[in-house]
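In: sequence-free structure coming up:
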């Protein structure tokens, strides 16, 4: 006891000899009742009087006293008989160091939402609680080389993504209770559906060996953040593969919503904000309808009707901010042929023709759609 090799969590014993006031061994004093306590110097860890020990007579007035404190640290060992400290100043023993019990990665655990999901660009994290072999919270022995090691690995599918942004902001800080460590980080790139980042969490022991926390590796998903207007992009009418449509149908194209880190905002339940579309026309052309449809999959469809054919500028805004690549030119083409709107003209119709005429008569037919638009 007190040699520097004593360890918490196991029995640490020492012997005392009953003596009279003249220092003579009292060999027949084998039924004395000693009170022994091991008190940690930090009363927040262990309030007084401390961890009680045990006493066992080994004969001839000698006793084996045993203490097994649960925590490592510096202790005071008190031994009393009849309410008074024994020995002529020998007790209490002070400055007795107990090495901490070994950490148990099997009993330690990690918890927190950052182990399973986070939002792109928003700091996330989780907590690691270290537990020793006795089931008590215990901190790292940094001086001996104990460390918490965390590795966050992106899925292979993100390796080829040019917009991938490396996770940053990683930090480890101590928590509110003994043995608690807070891990924080910020991820930016959402993985393809069905793929995940992996988070490995372990403790490096004094021998340099890495032991993983139960549940490690964890699977973490990164969800896209709020819609970013400048990063959201238009793409052509999926039917015609161009920014065009017939006057008979609604004009439409698609807008792909992206967040500030170029992730597709492809999940439902987010705040879509206010989307507006405006078609720029000049009289006599009129816009008879314009709105934006939320397809609830991160794709938005501007819808509008113009009563004339031509090329018109279209502006799309999200929360009053223009998206990328607008205004764009949108072409309204004539609709299907409507024979009732065809116009025939020429001398072949307006003049009489005779078999003896030497003049060739002809006429022209101009095709049009239902709205009178020439084709």
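Out: It's in. From a predicted model like this one, the values you see are computed outputs, not experimental measurements.
In: in terms of contact, does residue 182 touch residue 150 like I think?
Out: No - look at residue 182 against residue 150 with Cβ atoms under 8 Å: they stay out of range, at 11.3 Å. For the C-beta atoms, the positions are set from N, CA and C on the backbone; glycine is no exception.
In: and the residue lying closest to residue 226 once chain neighbours are set aside, what are its bridge partners?
Out: For residue 226, ignoring the flanking residues on the chain, the nearest one in space by Cβ to Cβ, 6 or more residues apart in numbering is residue 259 at 6.2 Å. Here residue 259 sits in beta bridges with residue 227, going by DSSP bridges.
In: contacting residues around residue 60?
Out: Applying Cβ atoms under 8 Å, 6 or more residues apart in numbering, we find residue 60 in contact with 25, 27, 30.
In: wait, which of these is closest to residue 263?
Out: Of all these, residue 263 sits closest to residue 30, with 78.1 Å by Cβ to Cβ.
In: Find residues that contact each of residue 182 and residue 150.
Out: Counting by Cβ under 8 Å, 6+ apart, the common neighbours of residue 182 and residue 150 are residue 172.
In: The two: which is more packed in?
Out: When residue 182 and residue 150 are compared for neighbours, residue 150 comes out ahead with 19 against 16, by other Cβ atoms under 10 Å.
In: any idea how far the more buried one lies from residue 213?
Out: According to Cβ to Cβ, to the nearest Å, residue 150 and residue 213 sit 10 Å apart.
In: Quick check: the gap between the residue nearest to residue 226 and residue 35.
Out: Distance of residue 259 to residue 35, given as Cβ to Cβ: 66 Å.
In: Among the contacts of residue 60, which ones are in strands?
Out: Nothing among the contacts of residue 60 maps onto strands, per DSSP state E.
In: Report the buried members of those.
Out: Buried residues within those, counting neighbours by 16 or more other Cβ atoms under 10 Å: none.
In: In JSON lines: those residues, plus distance to residue 244 and pLDDT.
Out: JSON lines is the format used below for the contacts of residue 60 (distance: Cβ to Cβ, whole Å; pLDDT from 0 to 100):
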{"residue": "25", "distance to residue 244": "111", "pLDDT": "94"}
{"residue": "27", "distance to residue 244": "112", "pLDDT": "93"}
{"residue": "30", "distance to residue 244": "107", "pLDDT": "93"}
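In: possible to save the residues you listed as JSON lines with distance to residue 178?
Out: Listed next are the contacts of residue 60 as JSON lines, based on distance: Cβ to Cβ, whole Å:
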{"residue": "25", "distance to residue 178": "44"}
{"residue": "27", "distance to residue 178": "46"}
{"residue": "30", "distance to residue 178": "41"}
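In: Only the buried residues of stretch 183-191, if you could.
Out: 183, 185, 186, 187, 188, 189, 190, 191.
In: OK, contacts around the first one?
Out: Which is residue 183. 114, 125, 126, 127, 128, 148, 150, 170, 171, 172, 201.
In: Nearest to residue 308 among the residues you listed?
Out: For the contacts of residue 183, the minimum distance to residue 308 (Cβ to Cβ) is 55.5 Å, reached by residue 114.
In: The closest residue in space to residue 238 that isn't next to it in sequence and residue 302, how far apart?
Out: Residue nearest to residue 238 in three dimensions, not counting chain neighbours: residue 254, with 6.5 Å by Cβ to Cβ, 6+ apart. The spacing between residue 254 and residue 302, counted by Cβ to Cβ, is 8 Å.
In: Same question for residue 181.
Out: Taking Cβ to Cβ, one finds residue 181 at 50 Å from residue 302.
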